[in-house]
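Novice: with the input below, show me the fold.
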Amino acid sequence: MRILRDIYTEPRLYTASTILILMFVLGYFFSPLFFAAKILLLFFLFLLASDLSLLFFTGQQNLLLRREVPERLSNGDDNQIRIFLKNNYFFTVHLNIIDEIPARFQTRDFIMRICLMPQEEKMLDYSLRPVRRGEYEFGKTNAFVSSKLKLFSRGYQFGSPSTPVKVYPSFLRMKEYELLAISNRLTEAGIKRIRKVGTHTEFDQIRDYVTGDDYRTINWKATAKKSKLMVNQYQEERSQQVYSLIDMGRVMKMPFNGMSLLDYAINSALILSNTALYKHDKTGIITFGKTIGSFLPAENKSRTILKTLETLYKQETSYDEPDYELLAAFIKQRITHRSLLILYTNFESPASLQRQLFCLRNMARNHLLMVIIFENTEIRHLLDKTADSLQDIYIKTIAEKFIYDKRLIVKELNKHGIHALQTKPASLSVNLINKYLELKHTGII
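Specialist: Next up is the predicted model:
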């Protein structure tokens, strides 16, 4: 019974059967054709028996398959999934591979076709790009093996019927930025080189004078002891606190390219936290809505990134209006040292900003506050289209009004000493790191 369950027919079987039936029908009128049809039927039955024997009665472990899935997937990035294959048949086989990928991807036509020589091994790769955090489930991997005759195929199933894999914030992009930073190639990712203004005030070490050093940094006591010019070397101030304040309200549910603004904010907060740790600063996380969600105090330890990943992984938006008064009171109580506060939210109109401006000014009184303003790329696309009718002119006028409102929001924030970063969702990480490095090099934080 198991063999019967594993037997699958191929299109070639139906084609040959149709030809034989037509020959028998025509043989009713032409007797020589009827005789030829009987000979071909016997030959066809022999081929069927041979094909079944090759597929089912030449061993048990004729095909080896193993799927390699990462322990966790990176949200918004292409994640590589590998399938290892080995053909233990003594003849060349044709394979159709159907992997049961998670239902959230809504991919219903996934199939890979491959041909393997006897004892040949091969690795197949395909990529998945999740756009939501959470737990995904992979099913089994189905392989359909056929010989060169391609009359039947034998079905194989490998793996567990349910293999859970968690999708975390974009740690692949975080590692990419980290490698570029270590190799001093951040400009390849769009990070600008910031010209350092003035000198840094935190002492690092005393070293020998090198031509071109500032004469004002000469250490005369060390020079007298060593009998040669010695200078003080300064570095950027370290151990400064950087907090990511993530709005969990309904405005962060807005989708762009399949991902919500919250997912863009979480991916960016993770990348910024890793960059700040590389700069020896302390990083923390606050998520808020109607209540304070999660609070991760700023620190710079070996497990900080892991804690940040676990904190950001479980965040979900709600339909409530965020309580900025509660946020301002919480920050005043829990964050006592001056810190850089990066607020991920989305004000769509000057009126929505005015309702929260008093709370933002309170936060900016003791801290350096930067507000992220997301640019609506869909409205920008409307402006690029040609207006061919009165309705198109009306739509473009409304789109211009929305873009103008964003400029007013940025201008209003700057007027009150609050930094604002207006950016496209896809460019958030690069623009935010540029802004962070600019603030750090100019000594504002």
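
Novice: and the helices in the stretch 101-250 of the chain?
Specialist: Applying DSSP state H, counting those that start in this stretch to the stretch 101-250 of the chain gives helices spanning 171-182, 220-226.

Novice: how is the chain divided into domains?
Specialist: What automatic domain parsing lists as the domains of the chain is 1-168, 171-194+237-441, 202-235.

Novice: mean neighbour count, the ones you listed: which tops it?
Specialist: domain 171-194+237-441 (a mean of 18; mean count of other CB atoms under 10 Å). For every residue, glycine as well, the C-beta is placed using N, CA and C.

Novice: if we can go back for a sec, least reliable of the helices of the stretch 101-250 of the chain going by mean pLDDT?
Specialist: When the helices of the stretch 101-250 of the chain are compared on average pLDDT, helix 171-182 comes out lowest at a mean of 69.

Novice: strands along the stretch 101-250 of the chain, start to end?
Specialist: Secondary structure of the stretch 101-250 of the chain (DSSP state E, counting those that start in this stretch): strands at 112-116, 121-128, 134-138, 141-146, 152-158, 163-168, 202-208, 230-235, 241-247.

Novice: on the three-state scheme, the residue nearest to the spatial centre of the chain is what?
Specialist: The centroid of the chain falls nearest to G76 when counting by CA atoms, centre = their mean (2.4 Å). Following DSSP: H, G, I helix; E, B strand; the rest coil, we place G76 in the coil state.

Novice: how near is it to Y168?
Specialist: Distance, G76 to Y168, using CB to CB, to the nearest Å: 11 Å.

Novice: does S244 really touch F295, like I thought?
Specialist: No. The pair S244 and F295 fails to qualify as a contact (CB atoms under 8 Å) at a distance of 11.4 Å.

Novice: picking that back up, reformat the strands of the stretch 101-250 of the chain as JSON lines; add mean pLDDT and distance to V430.
Specialist: Shown next, in JSON lines, are those (pLDDT from 0 to 100; distance: least, CB to CB, whole Å):
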{"stretch": "strand 112-116", "mean pLDDT": "94", "distance to V430": "35"}
{"stretch": "strand 121-128", "mean pLDDT": "93", "distance to V430": "22"}
{"stretch": "strand 134-138", "mean pLDDT": "91", "distance to V430": "26"}
{"stretch": "strand 141-146", "mean pLDDT": "94", "distance to V430": "37"}
{"stretch": "strand 152-158", "mean pLDDT": "92", "distance to V430": "41"}
{"stretch": "strand 163-168", "mean pLDDT": "92", "distance to V430": "21"}
{"stretch": "strand 202-208", "mean pLDDT": "73", "distance to V430": "27"}
{"stretch": "strand 230-235", "mean pLDDT": "75", "distance to V430": "25"}
{"stretch": "strand 241-247", "mean pLDDT": "95", "distance to V430": "16"}
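
Novice: can I get those in TSV including distance to N87?
Specialist: As requested, the strands of the stretch 101-250 of the chain are exported to TSV (distance: least, CB to CB, whole Å):
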stretch	distance to N87
strand 112-116	4
strand 121-128	8
strand 134-138	23
strand 141-146	9
strand 152-158	12
strand 163-168	24
strand 202-208	61
strand 230-235	59
strand 241-247	50
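
Novice: sorry, back to before: so the residue nearest to the centre of the chain makes contact with L262?
Specialist: No. Here G76 lies out of contact with L262, judged by CB under 8 Å, at a distance of 11.7 Å.

Novice: what is the least confident helix or strand in the chain?
Specialist: Among the helical and strand segments of the chain, the one scoring lowest on mean pLDDT, DSSP states H and E is helix 171-182, with a mean of 69.

Novice: sticking with the residue nearest to L245 when sequence neighbours are not counted, tell me its helix or strand.
Specialist: Leaving out its chain neighbours, the residue that sits closest to L245 by CB to CB, 6 or more residues apart in numbering is L343, at 4.6 Å. Assigned by DSSP states H and E, L343 belongs to strand 339-344.

Novice: with Q80 instead?
Specialist: Assigned by DSSP H and E, Q80 falls in strand 79-87.

Novice: tell me the strands beside that strand, with direction?
Specialist: Partner strands for strand 79-87, per DSSP bridges, with pairing direction: strand 63-68 (antiparallel), strand 121-128 (antiparallel).

Novice: need those in JSON lines with distance to Q80, can you?
Specialist: Shown next, in JSON lines, are those (distance: least, CB to CB, whole Å):
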{"stretch": "strand 63-68", "distance to Q80": "9"}
{"stretch": "strand 121-128", "distance to Q80": "6"}
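
Novice: now do the helices in the stretch 251-400 of the chain.
Specialist: 261-278, 304-313, 324-334, 350-366, 377-384, 390-415.

Novice: looking at the longest one now, give me its mean pLDDT.
Specialist: Think helix 390-415. On average, the pLDDT along helix 390-415 is 89.

Novice: quick one: that helix to helix 350-366, angle?
Specialist: 20 degrees (axes from the mean of the first three to the mean of the last three CA atoms, to 10 degrees).

Novice: cool, and the third one?
Specialist: Orientation check (the same axes, to 10 degrees): helix 324-334 against helix 350-366 gives 10 degrees.

Novice: what's the average pLDDT for helix 324-334?
Specialist: 94.

Novice: in three-state terms, label L421 for me.
Specialist: Secondary structure of L421, per three-state DSSP, is strand.

Novice: who's in contact with it?
Specialist: Neighbouring residues of L421 by CB atoms under 8 Å, 6 or more residues apart in numbering: M370, V371, I372, I373, N431, L432, K435.

Novice: show me the contacts for the residue nearest to the first one when sequence neighbours are not counted.
Specialist: It stands for M370. Computed as CB to CB, 6+ apart, the closest residue to M370 that is not its neighbour in sequence is H419, at 4.1 Å. For H419, the contacting residues are L368, L369, M370, V371, L413, K435, L439, by CB under 8 Å, 6+ apart.

Novice: lovely, talk soon.
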